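[1] One predicted model, sequence on top.
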Protein chains: 2
Amino acid sequence: MKNYIPVIETALGRYLPAGEYEEQQLIDAVRYSLDLKGKRVRPSLTLAFAELCGGTVDMALPFACAVEMIHTYSLIHDDLPCMDNDDFRRGKPSNHKVFGEDIALLAGDALQSIAYETMLSDEAVAAVGGKRAAKAARILANRSGLLGMVGGQVIDLSLEHREVGAEIVQLMEEKKTACLIEAACMMGCVVAGATDAQINAAERYAHAIGLAFQIVDDILDVTSTAEELGKPIGSDAENEKNTFMSLLGIERCREMVADLTEEAIRALDAFDGDAADLKDFAVQLANRKK
Amino acid sequence: MKNYIPVIETALGRYLPAGEYEEQQLIDAVRYSLDLKGKRVRPSLTLAFAELCGGTVDMALPFACAVEMIHTYSLIHDDLPCMDNDDFRRGKPSNHKVFGEDIALLAGDALQSIAYETMLSDEAVAAVGGKRAAKAARILANRSGLLGMVGGQVIDLSLEHREVGAEIVQLMEEKKTACLIEAACMMGCVVAGATDAQINAAERYAHAIGLAFQIVDDILDVTSTAEELGKPIGSDAENEKNTFMSLLGIERCREMVADLTEEAIRALDAFDGDAADLKDFAVQLANRKK
């Protein structure tokens, strides 16, 4: 994919209030987590799909940044002591370690509202029209919410207490990870005025790469641990219940990644524009080594 | 005001998913807090202003319910141990006491996304148009977010560690309480196609009753405690720093409530319709005894 990171990071900063406020600590906490260097995969996909459908980076930026804001809020809340209790995120202290649990909770809450404010601003609505802005924002709300990303986190929590089949693990990952990637890709199409068939194709592409990404993650978890310990691959898999690797084994996992990557590439046929970058991206995700 | 409560409560239930899902516990947690019996002041105001501006209850219901969802998420997060650590809410165990902190956190997060999904649904957009739906949703995002309700909570937290003047207490209450009431009233106007002057008048009304409500709260806190203890009013006021009563005294507080109530009533002049109910509501708030 094109390197959209600089334009995304500049825009993210611009959507936060400048100047001095009584709630400065909250603004600092929001900015701290938005500034953590990441790959910006989701907003880049929004921009790439918007361009693929004949739209511009400018019209899609508020929506790209909104999906990154939603992703960022979910990371802040995920790291809280009542959730994963993680002290570090992307190599830096997690939000609540710097600002305290109360401010971190509220920074996550505020990021969610800033996402909608950004997508529904006068500027964003003027660029794409009220109907498209509303539709894109609704897709993000749907995929990030009760039966989407947040739902996936709840299923994930429930897996600590029970053993399940691969189909529940898949459902969990579809919701927890793929849903937000779906929103990112679909929103790019929506704001650029794509057809329903194209929006559906973007959803299929996103679903496939999102799921493949998680399966590769599971594979790398096991193979890199086995490599470090000098053990044959798979000998430790039974220690980690409820993962694709432990439930399906490495052969089936590799098959699934290949099938999903093919599915993602096939979905790109729905677009007239040049989708070579998005095809390469799917292949890179499947072949990554860490 | 008209009794809008039954129509609001029926609609709130309808916006939640029916059927069985893997994330059932999350849906139950969301429903638990939405079902807690309250006065439903904010959504009632949305409906009342929509009707005042010639709109219908039906077109305004998604927006009315959204403001109640945002209010409900803020209560769930407020009650968490890292915030106010309250075990009870409206006479029932708070959300995290029933479902655990992790699910309560996620239920609050999900409620925020459901609010936007509800306002930006195909049905809601078809009834009021994409532009109005986007504008109403943006107002809610703005007033509930970083420089609105959430900002007010951060200022409130900061007051534990410092002593401030009445203007900071007022700023905190304007954000923490009045902002969401402003969104409720303004959204009713927006969806009904009101003029900018009317939307501004609704904002002034909401600001005035929101602030008056808090000052009356402060007065009742002191007077009812004094009554219970058989002490002269005001003799305990110095124990509670950073309240209107401790900073300004009972005479000035009563004057402010009278001024704000007059301001609220005057703002209603901007509307052609019958605003008697909204006038009465402002007077009742000022005169309430508990």
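    Ah, there it is. Note that the structure is a prediction, hence the values are computed from the model and not measured. Numbers count the residues shown, from 1 in each chain, chains lettered A, B, ... in the order given.
[2] got any ranges where chain A has weak pLDDT?
    In the predicted model of chain A, residues A:231-240 satisfy pLDDT under 70.
[3] contacting residues for A:I209?
    Listed by CB atoms under 8 Å, 6 or more residues apart in numbering or on different chains, the contact set of A:I209 reads A:I181, A:L260, A:T261, A:A264, A:F281, A:A282, A:L285. (Glycine included, C-beta is placed from N, CA and C.)
[4] Same list, these, but as CSV with secondary structure and neighbour count please.
    Shown next, in CSV, are those (DSSP: H, G, I helix; E, B strand; the rest coil; neighbours: other CB atoms under 10 Å in any protein chain shown):
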residue, secondary structure, neighbour count
A:I181, helix, 25
A:L260, helix, 23
A:T261, helix, 21
A:A264, helix, 26
A:F281, helix, 19
A:A282, helix, 23
A:L285, helix, 19
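[5] Closest to B:A11 out of the residues you listed?
    A:I181 (31.9 Å; CB to CB).
[6] picking up where we left off before, and the furthest pair within the contacts of A:I209?
    Pairwise over those, using CB to CB, the maximum falls at A:I181 and A:T261, 14.2 Å.
[7] What ranges does chain A have for its strands?
    A:88-89, A:92-93 (DSSP state E).
[8] and B:Y73, which of those is closest to it?
    strand A:88-89 (23.4 Å).
[9] Quick check: A:G151 touching B:Q24?
    No - in this structure A:G151 lies outside contact range of B:Q24 using CB atoms under 8 Å: 9.8 Å.
[10] Would you tell me which helix is longest in chain A?
    Taking DSSP state H as the criterion, chain A has its longest helix at helix A:196-229.
[11] Mind listing what's buried along that one?
    By neighbour count on 16 or more other CB atoms under 10 Å in any protein chain shown, the buried set for helix A:196-229 is A:198-199, A:201-216, A:218-219, A:221-222, A:225-226.
[12] Ok, stretch A:91-102 next?
    For stretch A:91-102, by 16+ other CB under 10 Å, it's A:S94, A:N95, A:H96, A:F99, A:E101, A:D102.
[13] So which residues of chain A form helices?
    A:5-14, A:24-35, A:41-52, A:57-79, A:95-99, A:101-119, A:122-128, A:130-144, A:149-158, A:166-173, A:179-191, A:196-229, A:244-267, A:276-287.
[14] give me the number of residues near A:C185?
    30 (other CB atoms under 10 Å in any protein chain shown).
[15] How much space separates it from A:I199?
    The gap separating A:C185 from A:I199 is 9 Å, by CB to CB, to the nearest Å.
[16] quick revisit: turn the strands of chain A into CSV, columns for distance to B:G230.
    Shown next, in CSV, are the strands of chain A (distance: least, CB to CB, whole Å):
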stretch, distance to B:G230
strand A:88-89, 55
strand A:92-93, 52
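[17] among the ones you listed, which is nearest B:N3?
    The nearest among the strands of chain A, by CB to CB, is strand A:88-89 at 48.3 Å.
[18] ok, that closest one: who's next to it in the sheet?
    Note on strand A:88-89: by DSSP bridges, its sheet partners are strand A:92-93 (antiparallel).
[19] if we can go back for a sec, near chain B too, which of the buried residues of stretch A:91-102?
    A:E101, A:D102 (CB under 8 Å from any CB of the partner chain).
[20] Out of the buried residues of stretch A:91-102, the closest to B:S74 would be?
    Among these, and counting by CB to CB, the member closest to B:S74 is A:D102, at 13.3 Å.
[21] Test my guess that the closest one contacts B:E160.
    No - the criterion here is CB under 8 Å, and A:D102 misses it with B:E160 at 10.2 Å.
[22] ok now do A:A107, which residues does it touch?
    A:L26, A:A29, A:V30, A:S33, A:Y73, A:I76, A:N95, A:F99.
[23] pretty sure the last one is touching A:Q25, no?
    Yes - using CB under 8 Å, A:F99 and A:Q25 qualify as a contacting pair, with a distance of 6.7 Å.
[24] what's the burial count for A:E123?
    11.
[25] Identify the residue nearest it in space, chain neighbours excluded?
    A:P62 (7.3 Å; CB to CB, 6 or more residues apart in numbering or on different chains).
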